[in-house]
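Chemist: Sequence first, predicted model second:
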2 protein chains.
Amino acid sequence: MAITDAMIVPTDDCSSWLETHFDLLGNAAAIRSNRQSFTKGERIYTRNETAHHAYAVLEGAVRASHCLPDGRRHLRAFHLPGEIFGLDGDALRSHETEALVKTTMLAVRLDDLDREAGLDAGLAWGLCNLAAGELRKAREHMVLLGRKSALERVAAFLLEMDRRLATKGVMSLPMCEHDMADYLGLSNETVSRCLTKLQALRIIVLSKRRTVRFLDRAGLHEFDAS
Amino acid sequence: MAITDAMIVPTDDCSSWLETHFDLLGNAAAIRSNRQSFTKGERIYTRNETAHHAYAVLEGAVRASHCLPDGRRHLRAFHLPGEIFGLDGDALRSHETEALVKTTMLAVRLDDLDREAGLDAGLAWGLCNLAAGELRKAREHMVLLGRKSALERVAAFLLEMDRRLATKGVMSLPMCEHDMADYLGLSNETVSRCLTKLQALRIIVLSKRRTVRFLDRAGLHEFDAS
DNA sequence: CGGACCGTTGAAACCAGTCAAAGGATGTGG
DNA sequence: CCACATCCTTTGACTGGTTTCAACGGTCCG
C-alpha cells in the first residue's frame, strides 16, 4: 500500500510529539480526549454542524474544504501530522473536513477545553500563540492566491509540503492533484502542466504517482518569489 | 475634508468600545498602553522590524501589506475602527502597516501583554478567541482569492466594508482602488471596471470618489456567491 | 498654477480555464 | 485472479477573463 509512505509521524505513541506541541492539553487532566481513526475519504465534520472537538493529527492527512453554491471548491488548509485543527472559535463549523488517507487523531472535547482555558492561563496563551501562527501562515497563503503565477504557486506548494511533511529524500504527497489545485486556486490541468514543466527543467522527479524527489531545491526557491 | 466621513467610530473616548472588545486589556492595569496618532500614508511598522506593540484602532484605517521581490504587492488585511492587529505571535514583523487616513490607535506593549496573558487566563483566552475569529475570516478571504471572479470579489468587498464600517446609508471608503485591487488580487483597472458595471446595473451609486451608496443590497448578495 | 496621484476607458496580449480524449492506476466484485 | 468501473493524470486545442499598456480627465495638495 503505497499510501503508507505519506504517514510520516513516528507512531511510537505520539508522546514525544505531544510534549513539544500539545502538552498544553496533555497535563490538563480535566480535558477529555480520545483517539479516533478515519478511513480514506471519510468525513470528519461537515458544514453547519455543531463543533464538539478539536483535533490533533497523529498520522495521515486531512483536508478542510469549502464549496460555493455552484460547485466551485476551495481547500482552506491541509492538516498534517503534528498539527491541530477544529479550534475555530465558532459554535458552528464553517467548512467541512475529510481524511485524505487513513488518519488517526486525538479528539479533544471543546467544552472541556473552553472551561480549562478559562482557568489555565498557560493553556489559553499557548493556544492563542498557536492560532496567531496559523493566522500568519494563512495570510502568507493569501499572497500566493492573490499575486503568484501558476508555476510559482506549485513551486511554493512543493516547498511547503517538503517542510511540513518533514520528509527526507523522497516526498510522498497524501493529496491528489485536484486537491492541490483547489488549495492553490488553480485547475487540476494547470497543476499537472506545472509539475510536468518542473520535471522537464530537471528540478523535481515524479517517480511514481504523488511521489516527488527534489533535484534542485535552490531552483525551486527561485520560482517561489516570496 | 471628505475623508472624515470614513472615521466612523464614536470618539466619545472609545470607552464603550473598549468595554465590548478590549476590556481584556482595559482592566489589566499592569499592561502599559498609550494613544498614538498617524497621518495619512504614515508607516506604523515595517517588515523585519522587532514587534513591540499590538494596536487597537480607534479611528481611521490601516492597511497591512506584503511586497514580493519584483514589486507585486498584496494587502493581507484592512484594520478598521474596533479591530485589533499586530498580535502575530512572531518576534519580527512579516509585513508592513501604514495608515490610510489620519488614524488614532491604542498601542499596547507586547511584553506586558505576554507576561499578563501568561497569568490571566481570561485575557489569554479572550485573545485566543479573537485570533481564531481572525483566522476564520482570513480563510474565508482565501476562498475569494482562489475561486471568485472579479465581479464577485468586488461585490463581496463592498458588502464586507458595509458590514465592517457599520455605516448607515452612504459608505465612504478609506482606501483607494489600487488598495482594493491589491486586497482582492485584481488590477486597479479591473476594480474600476467592476465598480462601473455595478453602477450601470443600478446596484450601487458612486456619488463622489470613494463614496458608495447601495441601491440594491440583495442584488449585490447575488453576485457574492459565498 | 503645476505636479502627482487617482480613476476611467479602450485595445491588445496572455495566462490560465475549459472542453475533450486517452492512458494509467486503483479498487471492487464476480 | 481477472474484469471492469472509477478515479487520477496527462496532453492538446480553443476560449475567455484579466492583465497589461496607453492615453486622458479629474481631483487634491503643495
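Modeler: Perfect, I can see it now.
Chemist: ok, which stretches of chain A are strands?
Modeler: Remark: strands assigned in chain A by DSSP state E are A:33-38, A:43-45, A:53-59, A:62-67, A:73-79, A:84-85, A:96-99, A:103-109, A:170-172, A:204-206, A:211-214.
Chemist: Let me have those in CSV, extended by distance to A:Leu158.
Modeler: (Glycine included, C-beta is placed from N, CA and C.) CSV is the format used below for those (distance: least, C-beta to C-beta, whole Å):
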stretch, distance to A:Leu158
strand A:33-38, 26
strand A:43-45, 26
strand A:53-59, 20
strand A:62-67, 17
strand A:73-79, 13
strand A:84-85, 22
strand A:96-99, 22
strand A:103-109, 22
strand A:170-172, 8
strand A:204-206, 7
strand A:211-214, 6
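Chemist: Quick one: residues contacting the residue of chain A most remote from its centre.
Modeler: What lies farthest from the middle of chain A is A:Leu119; by C-alpha atoms, centre = their mean that is 29.6 Å. Applying C-beta atoms under 8 Å, 6 or more residues apart in numbering or on different chains to A:Leu119 gives the contacts B:Ala121.
Chemist: From DNA strand C, how far out is it?
Modeler: Distance of A:Leu119 to DNA strand C, computed by C-beta to the nearest atom of the strand, to the nearest Å: 46 Å.
Chemist: What distance do you get for that residue to A:Ile44?
Modeler: A:Leu119 sits 28 Å away from A:Ile44, going by C-beta to C-beta, to the nearest Å.
Chemist: ok, now A:Leu113?
Modeler: With C-beta to C-beta as the criterion, A:Leu113 and A:Ile44 are 17 Å apart.
Chemist: circling back to that earlier point, which of the strands of chain A sits closest to B:Thr97?
Modeler: Smallest distance to B:Thr97 across the strands of chain A (C-beta to C-beta): 24.6 Å, for strand A:73-79.
Chemist: angle of that closest one against strand A:103-109?
Modeler: Relative orientation of strand A:73-79 versus strand A:103-109 (axes from the mean of the first three to the mean of the last three C-alpha atoms, to 10 degrees): 80 degrees.
Chemist: so strand A:73-79 versus strand A:62-67, what angle?
Modeler: Using the same axes, to 10 degrees: strand A:73-79 against strand A:62-67 is 160 degrees.
Chemist: what lines up beside strand A:73-79 in the sheet?
Modeler: strand A:62-67 (antiparallel) (DSSP bridges).
Chemist: could you check the distance from A:Glu116 over to A:Val57?
Modeler: From A:Glu116 over to A:Val57 the distance is 21 Å, taken as C-beta to C-beta.
Chemist: Around DNA strand D, pick out the residues from chain A.
Modeler: A:Cys176, A:Glu177, A:His178, A:Asn188, A:Glu189, A:Ser192, A:Arg193, A:Leu195, A:Thr196, A:Leu206, A:Arg209, A:Arg210 (C-beta under 7 Å from any atom of the strand).
Chemist: Would you mind telling me which of A:Glu116 and A:Val57 has the busier surroundings?
Modeler: Neighbours were counted for A:Glu116 and for A:Val57 using other C-beta atoms under 10 Å in any protein chain shown; A:Val57 has more, 23 against 20.
Chemist: okay, and the helix or strand of chain A with the least pLDDT?
Modeler: One helix or strand of chain A scores below all others by mean pLDDT, DSSP states H and E: helix A:15-17, with a mean of 43.
Chemist: A:Ser94 - nearest residue in space that isn't next to it in sequence?
Modeler: Leaving aside its sequence neighbours, A:Ser94 sits nearest to B:Arg136 (C-beta to C-beta, 6 or more residues apart in numbering or on different chains; 6.0 Å).
Chemist: Need the per-residue pLDDT for the residue nearest to A:Phe38 when sequence neighbours are not counted.
Modeler: Closest residue to A:Phe38 apart from its sequence neighbours, by C-beta to C-beta, 6+ apart: A:Ala99 at 3.9 Å. We have a pLDDT of 96 for A:Ala99.
Chemist: what residues go with each domain of chain A?
Modeler: A:2-134, A:148-223 (automatic domain parsing).
Chemist: Poorly predicted segments of chain A, please.
Modeler: A:1-29 (pLDDT under 70).
Chemist: quick one, helices of chain A?
Modeler: A:15-17, A:23-26, A:110-117, A:121-147, A:150-164, A:177-184, A:188-200, A:217-223 (DSSP state H).
Chemist: need these in CSV with distance to DNA strand C, can you?
Modeler: Putting those into CSV (distance: least, C-beta to the nearest atom of the strand, whole Å) gives the following:
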stretch, distance to DNA strand C
helix A:15-17, 27
helix A:23-26, 33
helix A:110-117, 33
helix A:121-147, 10
helix A:150-164, 4
helix A:177-184, 7
helix A:188-200, 3
helix A:217-223, 11
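Chemist: Make TSV from those helices and add distance to A:Arg93 to it.
Modeler: Listed next are the helices of chain A as TSV, based on distance: least, C-beta to C-beta, whole Å:
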stretch	distance to A:Arg93
helix A:15-17	25
helix A:23-26	20
helix A:110-117	11
helix A:121-147	16
helix A:150-164	23
helix A:177-184	18
helix A:188-200	26
helix A:217-223	35
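Chemist: Mind checking those for the one nearest to A:His74?
Modeler: helix A:177-184 (5.7 Å).
Chemist: does any part of that closest one sit near chain B?
Modeler: Yes. Shown here: helix A:177-184 in contact with chain B (C-beta under 8 Å from any C-beta of the partner chain) through A:Asp182, A:Leu184.
Chemist: okay, that helix in PDB with CA atoms only?
Modeler: C-alpha atoms of helix A:177-184 as PDB (Å, rounded to 0.1, in the frame of the first residue of the first chain):
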ATOM      1  CA  GLU A 177      -3.700  16.900  -7.900                       C
ATOM      2  CA  HIS A 178      -7.300  18.000  -7.800                       C
ATOM      3  CA  ASP A 179      -6.800  18.800  -4.100                       C
ATOM      4  CA  MET A 180      -3.600  20.700  -4.800                       C
ATOM      5  CA  ALA A 181      -5.400  22.700  -7.400                       C
ATOM      6  CA  ASP A 182      -8.200  23.600  -5.100                       C
ATOM      7  CA  TYR A 183      -5.700  24.600  -2.400                       C
ATOM      8  CA  LEU A 184      -3.700  26.700  -4.800                       C
END
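Chemist: can you pull the buried residues of that helix?
Modeler: A:Glu177, A:Asp179, A:Met180, A:Ala181, A:Asp182, A:Tyr183, A:Leu184 (16 or more other C-beta atoms under 10 Å in any protein chain shown).
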